[in-house]
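Quick one: sequence plus predicted model below, questions after.
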Amino acid sequence: MFDGLKPYAWLIDIAATLVIAAGCFFAGYHVRSLSAQRDAAKLTAGLATANSMAQATARQADAQYAYITEKADHDYQALVDSTATQVSTLSDTAQRLQQRLSAAKRARAAASHSAAGGSIDGTGTDWISGFAACAASYQQLATDDARRADKINGLQLYVKGVLQVQGAR
């Protein structure tokens with residue numbers, strides 16, 4: 001019955017071997033494909049985790065920067081308020097001194113008119129006006145310097161805060 005197939009038996013063996021080899025190849029390909037898909041899913045999940053961590057770190061750095069900026073602004077405003085209080089106190093003191101100088105000037109003027117001969121050096125009460133003008137200039141200079149010092153101190157606080165945030169990154 002199979003006597004006529006003997007010459008083609010080797011062909012059947014080759015065909016069977018090719019079918020088995022093709023099956024093994026496609027099965028291996030399928031297994032490798034599934035493995036690659038699992039690896040790709042793991043990498044995607046790892047990338048998503050890394051992205052979320054990076055975003056969380058960025059949000060934290062932004063929050064620290066905002067906090068440092070607010071703190072520097074608050075500290076600067078406290079310096080400005082302190083300086084304003086000191087300037088007000090100095091202005092009140094200068095005003096009282098000005099009033100006392102004016103009173104002293106009026107008293108000397110009245111005394112020099114009533115006395116015969118006036119003063120020895122011929123300057124009269126002008127030194128009081130000169131002292132008052134000098135005191136007013138000094139007060140303005142001190143006020144301007146205090147404001148500049150507040151600005152510099154505020155900027156220093158701001159820069160220190162920014163450097164702390166950058167150092168934390």
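Now that the structure is in, tell me what you want to look at. Numbers count the residues shown, from 1 in each chain.

now the lengthiest helix in the chain, how far from the chain's geometric center?
Using DSSP state H to define each element, the chain has its longest helix at helix 9-114. Taking the mean of its C-alpha atoms, helix 9-114 sits 9 Å from the chain's own mean (CA atoms, centre = their mean, to the nearest Å).

list the helices and strands it packs on?
Here helix 9-114 touches helix 126-168, going by 3 or more CB pairs under 8 Å, 6 or more residues apart in numbering; DSSP states H and E. Every C-beta, even on glycine, is put in place using the N, C-alpha and C of the backbone.

Taking helix 9-114 as reference, get the angle to the helix it packs on.
Relative orientation of helix 126-168 and helix 9-114, computed by axes from the mean of the first three to the mean of the last three CA atoms, to 10 degrees: 170 degrees.

Would you mind writing the CA trace of stretch 154-166 as CSV?
What follows is stretch 154-166, C-alpha atoms only, in CSV (Å, rounded to 0.1, in the frame of the first residue of the first chain):
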residue,chain,number,x,y,z
GLY,A,154,15.7,92.6,52.3
LEU,A,155,17.6,91.7,49.1
GLN,A,156,20.2,89.7,51.1
LEU,A,157,17.4,87.8,52.8
TYR,A,158,15.8,87.0,49.4
VAL,A,159,19.1,85.9,47.9
LYS,A,160,19.8,83.6,50.9
GLY,A,161,16.4,82.1,50.6
VAL,A,162,16.8,81.4,46.9
LEU,A,163,20.2,79.9,47.4
GLN,A,164,18.7,77.6,50.1
VAL,A,165,16.1,76.4,47.6
GLN,A,166,18.7,75.8,44.9
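
I am finished for the moment; much appreciated.
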